[in-house]
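Asker: sequence and predicted model, in that order:
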Amino acid sequence: MAGTLAGTGVMVRLALRRDRWMLPLWILGFALIAYSTAVAGAELYPDEPSRVAAATALNATASMVALFGRIYDPASLGALSLIKYTAFMTAILAVLMVILTIRHTRGDEESGRLELLGGGRLGRDAPLVSALAISFATSILTGLLSAAALAVGGLPGSGSLAFGLGWAATGMAYSTVAAVAAQVTASARAATGFSIGVIAVTYGLRAVGDLAEPGPSMWSWLSPIGWNQQIRAYAGDHWWVLSLPLALCAALVPVAFFLRARRDLGAGLRDERPGPARGKLSGVLGLAVRLQYRVLVAWCVAFALFGVVIGSLVGNVADFLASPGAQDLMRSLGGRQALTDAFLAAEISIMGVLAAAYGISAANHLRSEESAGHTEALLGTATTRIRWAGSHFTVALAGVGLLQVLTGVSIGIGAAAALNNADLVGRSTVAALAQVPAAWVLTSAALAVFGWLPRMTGAVWVLLLGLIALGEFGVLWNAPEWLMDLSPFRHSPLLPVDADGIPALVALTAAAALLGALGFAGWRRRDLAA
Amino acid sequence: MSGRGTGRSLLTMNSVVEMTGVVKRFGTVTALDGLDFEVAAGEVHGFLGPNGSGKSTTLRLLLGMLRANSGSIRVLGLDPWHDVATLHRRLAYVPGDVALWPNLTGGEVIDLLGRLQGGHDRGRRDRLLQTFDLDPTKKSRTYSKGNRQKVALVAALATDAELFLLDEPTSGLDPLMEEAFRGCVRELRDQGRTVLLSSHILSEAEALSDRVSIIRAGRVVESGPLEQLRHLTRTSVTADVARVPVGLDLLPGVHDLVVTDHRVSAQVDPAGLGPFLQALTAAGLHALTSQPPTLEDLFLRHYGPAGSFEAARQ
């Protein structure tokens, strides 16, 4: 056995060296989000009646339950504050653990790095052991640090620990799912796709389980994300449920090693199928679409589903803010119509930020193509730099627009069905399109960074996260007005969109165009960088 | 005659590639340090140098992928930085490190690159696939290094380019495929096309090139037809003689002389060959084998211990 494990320590150190920025950022990011949520929750729901009202309303709203789950103790501040984090954020943590695990197993195999290392004194199982060690450690650190952050944020210590350990155990469970997938599929990409598919399906299972009356049905118990909800942190702390994800780890880890021993390096248990001998791609734009459309389709499906769900919530809005003060405020703002608008506007602007995230990821294809060496082959042909960069940039800009059309239409359909008002489809579509220029600013910022600082394209994500945090917690942090005004999202006109919003839209579009031109100018004059 | 001199005489010829005084720095590293380099129309030009000597940097400058810090570069009479689209329609490039899109098949990649180049001849594409024995239906991620190389070669060779820039084109190919590649390059030369072939494999350049340039530490140190460059190296001579002549070691230009019984072997400078052979004949020559200098010898002169190159030139 020692033979197959030789070099594990070296592999762990190498992985830590490669991820020395990414892992601390992830862990601290989750802890910071947990802390801010604990603090914000205490401010939003200062007393028990307000909590019970909000929790009861949430539990009574089917689409909310499907999306986030139930609150098992309506009086509990922790359970209410963290409702979005028990299932939804856990799924995001699971995705990150999948990416991390596959990056250090199949990803390294595919790039040939493991082969390079395997020539040295490296045991067959060392990469898998070290990848799991890294993922487990990251999950556990994320969980423990978040637990501490929640407690510091003012929530009860025992519930915070239960919540944090839930994240840790669930992250570990999905790491082992990825470790098994990495042995079965024919490529890193397929392994990631399969594992994220498992996350999506298990997320769906728990949604079905949570919707059953009165409490979770058996479907919830078939899903690791469902288990995490059933720990019921801050609402009884069912510690024994933690044994379920740990048992899954204990079951899947031997399976991964068993499968690893039965396949060749670089090969999966499932083989790659042959493809067409002749290509139909007619140019770089066709290539960019080909390379990006799968991801865009996935985003579109997610946006459409999410839009319908949150659109349909509009009928229950009044119940969310059931406190008499909120009702007074609502009346003074102009009654139900204004409240509906305000709710839809808030959801649509969140979708605008998510569309910006898509825009950045699509624009950053430029850098990944360049560093993979693909750009060199293309620029060796009669393709100009501008035409090539323009291809992925066009996909990014058009994708952002498409996603916002879907946002507007799906939120509109959900809201129109809930309120029996077909006009809402048009209104929300216009409002969603009004978020496009701000998202384009971020997309163009990604191009500008690519043009001038190609090794820093990750910085755009930091910028986006900074803007999101500023928008979410800026008031809480007493951030100065000028700083908050730097965010393009702050300037997007909100529902109801009328002619007054046009100057802001023109200004945002101009800013996006300027950043785009800047990016192209930089790309035209710099060296190709591997 | 020095290599520099040979290079200069080419100015009067029809040059396809002209680089003068080109300097390229990456941060504090100087990759090219005043490089002068020319390729004449219709020739196969070998561009030789060890790893890290600046071969790929030179080719990327010729393609406008990098921008020179100083010096002038003309390719087919055009500026590669500014006239990219016009220039690239007339040339084809095989990168040294062929990276393909993992989920496209080899056939798809070949056809895409062909279209971006302005169109392939379909018949030639299919013939090349056969020549190189490449399965175009496989996803690129399943190709070995040699097969990825073949994809790039087929994509480039199927074009109608005037100039082919090939960066270590045979790396990863087995000897059989190497021979197929040589056939393709000879075909290109017969059609009057220009081929610039970078390599650190000397036998490859030797088998194909009309002329070679040798680059060391960012400068072209020799350039000329192979026969001329051979002046710089010694012929290896082994002879069986009736009686051992005296004073062989006193002859000018004779090195590494070894005499055992009736067998003589030595490395002889070009200028010393005549007197050396006369001395051997006078001693009753029975058998003689001589080997012309290989590019390995040339290379050893340039990249061997410091000073040996200068010594060889004198």
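Answerer: On my side now, so go ahead.
Asker: show me what contacts the spatially most central residue of chain A?
Answerer: Nearest to the centroid of the C-alpha atoms of chain A, with distances taken as CA atoms, centre = their mean, sits residue A:92, at 5.5 Å. The contact partners of residue A:92, taken as CB atoms under 8 Å, 6 or more residues apart in numbering or on different chains, number zero. To be clear about C-beta, it is placed using only N, CA and C from the backbone, and glycine gets the same treatment.
Asker: tabulate the CA atom coordinates of the host helix or strand of it in PDB.
Answerer: Following DSSP states H and E, one finds residue A:92 within helix A:88-102. The C-alpha atoms that make up helix A:88-102 are tabulated as PDB, following Å, rounded to 0.1, in the frame of the first residue of the first chain:
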ATOM      1  CA  PHE A  88     -28.500  27.100  -1.600                       C
ATOM      2  CA  MET A  89     -25.100  28.200  -0.300                       C
ATOM      3  CA  THR A  90     -24.300  24.600   0.600                       C
ATOM      4  CA  ALA A  91     -24.900  23.700  -3.100                       C
ATOM      5  CA  ILE A  92     -22.400  26.400  -4.100                       C
ATOM      6  CA  LEU A  93     -19.900  25.000  -1.600                       C
ATOM      7  CA  ALA A  94     -20.400  21.600  -3.100                       C
ATOM      8  CA  VAL A  95     -19.700  22.900  -6.600                       C
ATOM      9  CA  LEU A  96     -16.500  24.500  -5.400                       C
ATOM     10  CA  MET A  97     -15.400  21.200  -3.800                       C
ATOM     11  CA  VAL A  98     -16.200  19.400  -7.000                       C
ATOM     12  CA  ILE A  99     -14.100  21.800  -9.000                       C
ATOM     13  CA  LEU A 100     -11.200  21.500  -6.400                       C
ATOM     14  CA  THR A 101     -11.300  17.700  -6.300                       C
ATOM     15  CA  ILE A 102     -11.400  17.300 -10.100                       C
END
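Asker: surely residue A:416 is in contact with residue A:424?
Answerer: Yes: with contacts defined as CB atoms under 8 Å, residue A:416 counts as touching residue A:424 at a distance of 4.4 Å.
Asker: between those two, tell me which one has more neighbours.
Answerer: In this view residue A:416 and residue A:424 are compared by other CB atoms under 10 Å in any protein chain shown, and residue A:424 has more residues nearby, 26 against 20.
Asker: these two touch, right, that one and residue A:417?
Answerer: No: because the distance of 9.2 Å does not satisfy CB under 8 Å, residue A:424 is recorded as not touching residue A:417.
Asker: can you tell me how far the spatially closest residue to residue B:51 that is not a sequence neighbour is from chain A?
Answerer: With CB to CB, 6 or more residues apart in numbering or on different chains as the criterion, residue B:51 has its nearest non-adjacent residue at 6.5 Å, and that residue is residue B:200. In this structure, residue B:200 and chain A are separated by 19 Å, where distance is defined by CB to the nearest CB, to the nearest Å.
Asker: residue B:72 is in what secondary structure piece?
Answerer: Following DSSP H and E, one finds residue B:72 within strand B:70-75.
Asker: what helices or strands is the helix or strand following that strand leaning on?
Answerer: If you walk from strand B:70-75 toward the C-terminus, the next helix or strand you reach (DSSP H and E) is helix B:84-88. Using 3 or more CB pairs under 8 Å, 6 or more residues apart in numbering or on different chains; DSSP states H and E as the contact test, no helix or strand touches helix B:84-88.
Asker: pull out the buried positions in the host helix or strand of residue A:400.
Answerer: Secondary-structure element containing residue A:400, defined by DSSP H and E: helix A:385-419. Of the residues in helix A:385-419, A:385, A:387-393, A:395-397, A:399-419 count as buried by neighbour count, 16 or more other CB atoms under 10 Å in any protein chain shown.
Asker: so which of those residues are also by chain B?
Answerer: Among these, the ones lying near chain B by CB under 8 Å from any CB of the partner chain are residue A:385.
Asker: how about the residues of chain A by chain B?
Answerer: By the rule CB under 8 Å from any CB, the part of chain A lying against chain B is A:110, A:187, A:189, A:272, A:274-284, A:286-287, A:290-291, A:372-374, A:376-385, A:525-528.
Asker: which among those residues count as buried?
Answerer: Buried members of those, counted by 16+ other CB under 10 Å: A:110, A:187, A:189, A:272, A:275, A:277, A:279, A:281, A:284, A:287, A:290-291, A:372-374, A:376-385, A:526, A:528.
Asker: touching, residue B:38 and residue B:18? I think so.
Answerer: Yes: with contact defined as CB under 8 Å, residue B:38 counts as touching residue B:18 (5.5 Å).
Asker: more neighbours, those two?
Answerer: Just comparing residue B:38 and residue B:18: by other CB under 10 Å the higher neighbour count belongs to residue B:38, 21 against 17.
Asker: circling back: tell me which of the residues of chain A next to chain B fall in helices.
Answerer: With helices identified by DSSP state H, the entries of those that belong to them are A:110, A:189, A:284, A:286-287, A:290-291, A:374, A:376-379, A:385, A:525.
Asker: out of those, which comes closest to residue A:357?
Answerer: Lowest distance from residue A:357 to these (CB to CB) belongs to residue A:291, with 18.4 Å.
Asker: mind listing the helices for the stretch 201-314 of chain B?
Answerer: Taking DSSP state H, counting those that start in this stretch to define them, one finds helices in the stretch 201-314 of chain B at B:202-208, B:226-230, B:273-282, B:295-303, B:308-313.
Asker: pipe the ones in helices among the residues of chain A next to chain B into JSON lines and attach pLDDT per row.
Answerer: Shown next, in JSON lines, are those (pLDDT from 0 to 100):
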{"residue": "A:110", "pLDDT": "73"}
{"residue": "A:189", "pLDDT": "77"}
{"residue": "A:284", "pLDDT": "92"}
{"residue": "A:286", "pLDDT": "93"}
{"residue": "A:287", "pLDDT": "94"}
{"residue": "A:290", "pLDDT": "91"}
{"residue": "A:291", "pLDDT": "89"}
{"residue": "A:374", "pLDDT": "92"}
{"residue": "A:376", "pLDDT": "92"}
{"residue": "A:377", "pLDDT": "91"}
{"residue": "A:378", "pLDDT": "93"}
{"residue": "A:379", "pLDDT": "92"}
{"residue": "A:385", "pLDDT": "94"}
{"residue": "A:525", "pLDDT": "91"}
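Asker: what's the closest of those to residue B:220?
Answerer: Of all those, the one with the least separation from residue B:220 (CB to CB) is residue A:376, at 23.4 Å.
Asker: is it correct that that closest one is in contact with residue B:95?
Answerer: Yes: counting by CB under 8 Å, residue B:95 is a contact partner of residue A:376 at 5.0 Å.
Asker: worst mean pLDDT across the helices and strands of chain A, which element?
Answerer: The least trusted helix or strand in chain A, going by mean pLDDT, DSSP states H and E, turns out to be helix A:317-320, with a mean of 58.
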